[in-house]
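> let me see the structure of the following:
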Amino acid sequence: MLLITGATGAVGSEIVRELVRKGIPVRAMTRNAAKLLAVNPGCEVVEGNLDDPISLEKAMNGVDRVFLLTSKTQQDRNVIAAANKAGTGHVVKLSTQEAGWVPVEGHGHWHREREVLIQSSGLTWTFLRPCMFMNFALSWLASIQSEGVVRAGGGQGRLGPIAPNDVAMAAVAALTDGGHENKGYELTGPELLSFEEMSKTMGKAMGKEVRYIPISDPEQGTVFTNMGVSGYVVNGLVETFSLIRSGRFNSLTSDFEKLTGRSPQTFLDWACSAVSQTRTTNVAK
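Numbers count the residues shown, from 1 in each chain. Down below sits the predicted model:
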């Protein structure tokens, strides 16, 4: 049995959907069972909370492997305790690209802290360390629509953004295939792109002319704050954007291909699909 945490999110929901499609026993943990079943019927659902050790013990019962997505370190401690008590053997942890760097930089610091906890837990592990998710670009939809503008703090630096469903496919491989124990994978998309290039691609998918406006670190921090990101995370993300500007992310890896046997999606393919889906959802409303 596989346990998926964060099962209603962009990555977790895709993991559950793919495991159900493959006929692999999967248990999805969520705070809202009805919401999850509406999106992913056919899976076993348990209501639980990463902050609640009792609900975690219930969710972990009979589980061999767990996909772990956390927002704070205590949640990792809670999952480790429940996994050890249940005899769960393996954790596939969603981390971030910077956590695997030497030295660790940007918002990789708190992800690396959690990785170290898992490495010392007695469990085997696989760390998935993706670059920026392509769906961050969905936060630009409103300004593109209203002003034809994208504002971001990445300057002209380039990085290899990856689609969330590709991260999900990498997680499925790590959960179901052998040979990934105690390994970390740095996941990037197939191309290096600047924020200006991504902005213009989003405009192409939306049928709009787009102008990219670089913004300062304090302005980018305000953007994240207005998105509801907590203070310490804002600081780490702003540092990450400064690293993007400096060229620190200017490289691609083949780790996704190693895990899945196929190439990751291009940003254009993802953008066209995401914009189409957004329009369909808005019409349905």
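> use CA for all of it now, contacts and neighbours both
OK.
> let me see the mean pLDDT of stretch 126-143.
Mean pLDDT, stretch 126-143: 95.
> stretch 1-10 too?
What stretch 1-10 shows for mean pLDDT is 92.
> what do you get for stretch 213-220?
Across stretch 213-220, pLDDT averages out at 93.
> what about the strands in this structure?
2-4, 26-30, 44-47, 65-68, 90-94, 124-130, 149-152, 158-159, 183-187, 193-194, 211-214 (DSSP state E).
> want to try TSV for those strands, with mean neighbour count and distance to residue 235 as columns?
Shown next, in TSV, are the strands of the chain (neighbours: other Cα atoms under 10 Å; distance: least, Cα to Cα, whole Å):
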stretch	mean neighbour count	distance to residue 235
strand 2-4	24	29
strand 26-30	24	28
strand 44-47	19	32
strand 65-68	24	23
strand 90-94	24	20
strand 124-130	24	19
strand 149-152	22	15
strand 158-159	24	20
strand 183-187	21	22
strand 193-194	18	21
strand 211-214	16	18
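> ok, residue 231 - contacts?
residue 225 (Cα atoms under 8 Å, 6 or more residues apart in numbering).
> what do you get for residue 158?
Going by Cα under 8 Å, 6+ apart, residue 158 touches 192-195, 244-245, 247, 249-250.
> so it versus residue 5, what's the distance?
Residue 158 sits 31 Å away from residue 5, taking Cα to Cα, to the nearest Å as the criterion.
> repeat for residue 111
Counting by Cα to Cα - residue 111 and residue 5 are separated by 16 Å.
> that older thread, now distance to residue 266 too, for the strands of the chain, in CSV please.
Compiled in CSV, the strands of the chain are given as follows (distance: least, Cα to Cα, whole Å):
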stretch, distance to residue 266
strand 2-4, 26
strand 26-30, 29
strand 44-47, 33
strand 65-68, 25
strand 90-94, 21
strand 124-130, 15
strand 149-152, 20
strand 158-159, 13
strand 183-187, 13
strand 193-194, 10
strand 211-214, 20
